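Trainee: Give the three-dimensional model of this entry:
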Amino acid sequence: MTTVGRVRVREARARATRAGGMGFRHRLRRDWPLLLMVAPVMVLLGVFHYFPTLGNVIAFQDYSPYAGIRGSDFVGFANFQRMFSEPAFWTAVANTLSITAVQLIFFFPIPIALALLLNSVLSAKIRNVVQGIVYLPHFFSWVLVVSLFQQMIGGAGLLSQTLREHGHQAIDLMTKPDTFILLVTGQAVWKDAGWGMIVFLAALSTISPELYESAAADGANRWRRLWHITLPGLRPVIVLLLILRLGDALTVGFEQFILQRSAVGGSAAEVLDTYVYYQGLLVGDFGYGAAAGLFKGVVGLVLVLAANRFAHLVGEQGVYSRS
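Mentor: You can find the predicted model right below:
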């Protein structure tokens, strides 16, 4: 290449760099301290998350822990075919989706409402006390939460004793399969609604007070300020958390359901997490359990991608956006 050609190549690269921003080397020299700072986290994610994900290959094997991955027979999609032909699997899927739908309707809006109510309290001291009380149950284990509900609404609980004292028949809401979905939703609300409220309180703190002052000066009442300022300010966070919740649509918890499964029966309390435990881990059928877990992960990924795409269509950022 002639000298004139080299100069033209360098000029073309310079124009491309100016048009597209800094080149990779320039960004690397600029951002190397940040990359070094996140390197330990990336190593931990790689070792404890992404590398173990390769173990999903046992979903396509008749896996034996004694033979290992290399020594186990490859069976293709036989585990998935057996799983899709099991009525118990579809019962677990239906229960999981039903619980997710009910919690999206009755649980997801509650942290938003709590944040709005708490944000309207003028006294900072009262706000801090209420916030501490409301999100304290998040730190309780599910064993303690289920025990508290048993003492309150179980067959020998406070509600049943009060009914007996007034001449009424006692009721045991902890053993009714028909109302189990409402029971677990109520437990989730009591335990985690206060914790979810913190995210929305943080989002509310980013809204400029000048917007409220300007709207009040223009004659907007409290409801109009809520509708035109507060909710639009919360909308990106609401969309983001909704997308993430849809990604976990098939993950409604394990400990909460396995603690109460014997009381209401598997027809009401069997979800995918407990199904994997009973049908895969407990009997040593690890390949079958891995197939059910992989199915859950793939469905969650598809839901996240679809919900994120829909968020882009309505003008929201979503979980990620193409640059």
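Trainee: From now on I want contacts and neighbour counts done on CA atoms only, so please keep to that.
Mentor: Noted.
Trainee: In this structure, where is pLDDT below threshold?
Mentor: The chain contains residues with pLDDT under 70 at 1-22, 122, 321-323.
Trainee: can we see that at 80?
Mentor: Within the chain, the ranges that satisfy pLDDT under 80 run 1-24, 120-124, 312, 314-323.
Trainee: Can you tell me the centre-most residue of it?
Mentor: In the chain, the residue lying closest to the centroid (CA atoms, centre = their mean) is residue 245, at 4.1 Å.
Trainee: Show the contacting residues for residue 215.
Mentor: By CA atoms under 8 Å, 6 or more residues apart in numbering, the contact list for residue 215 reads residue 225.
Trainee: which SSE is it in?
Mentor: Taking DSSP states H and E as the definition, one finds residue 215 inside helix 209-217.
Trainee: Name the next helix or strand downstream of that helix, please.
Mentor: Note on helix 209-217: by DSSP H and E, the next helix or strand toward the C-terminus is helix 222-225.
Trainee: ok, now which ones touch residue 102?
Mentor: Residue 102 is in contact with 181-182, 185, counting by CA under 8 Å, 6+ apart.
Trainee: hmm, back to that, how much space is there between the residue nearest to the centre of the chain and residue 90?
Mentor: 21 Å (CA to CA, to the nearest Å).
Trainee: same thing with residue 23?
Mentor: Counting by CA to CA - residue 23 and residue 90 are separated by 52 Å.
Trainee: Pull out the buried positions in the helix or strand where residue 295 lies.
Mentor: Residue 295 belongs to helix 286-313 when elements are defined using DSSP H and E. By neighbour count with 16 or more other CA atoms under 10 Å, helix 286-313 contains the buried residues 286-297, 300-301, 303-305, 307-309, 311.
Trainee: Stretch 159-178 now?
Mentor: By neighbour count on 16+ other CA under 10 Å, the buried set for stretch 159-178 is 159-161, 170-171, 173-175, 177.
Trainee: can I get those in a markdown table with secondary structure?
Mentor: Converted to a markdown table, these look like this (DSSP: H, G, I helix; E, B strand; the rest coil):
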| residue | secondary structure |
| --- | --- |
| 159 | helix |
| 160 | helix |
| 161 | helix |
| 170 | coil |
| 171 | coil |
| 173 | helix |
| 174 | helix |
| 175 | helix |
| 177 | helix |
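Trainee: Apart from its chain neighbours, what residue comes closest to residue 140?
Mentor: residue 191 (7.5 Å; CA to CA, 6 or more residues apart in numbering).
Trainee: Spit out the contact partners of that neighbour.
Mentor: Per CA under 8 Å, 6+ apart, neighbours of residue 191: 135, 137-138, 140, 145.
Trainee: What's the ChimeraX line that selects buried ones from these?
Mentor: Only the buried entries of these go into this ChimeraX selection, using 16+ other CA under 10 Å:
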select :135,137,138,145
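Trainee: closest to residue 235 among the contacts of residue 191?
Mentor: Nearest to residue 235 among the contacts of residue 191 is residue 135, at 22.4 Å by CA to CA.
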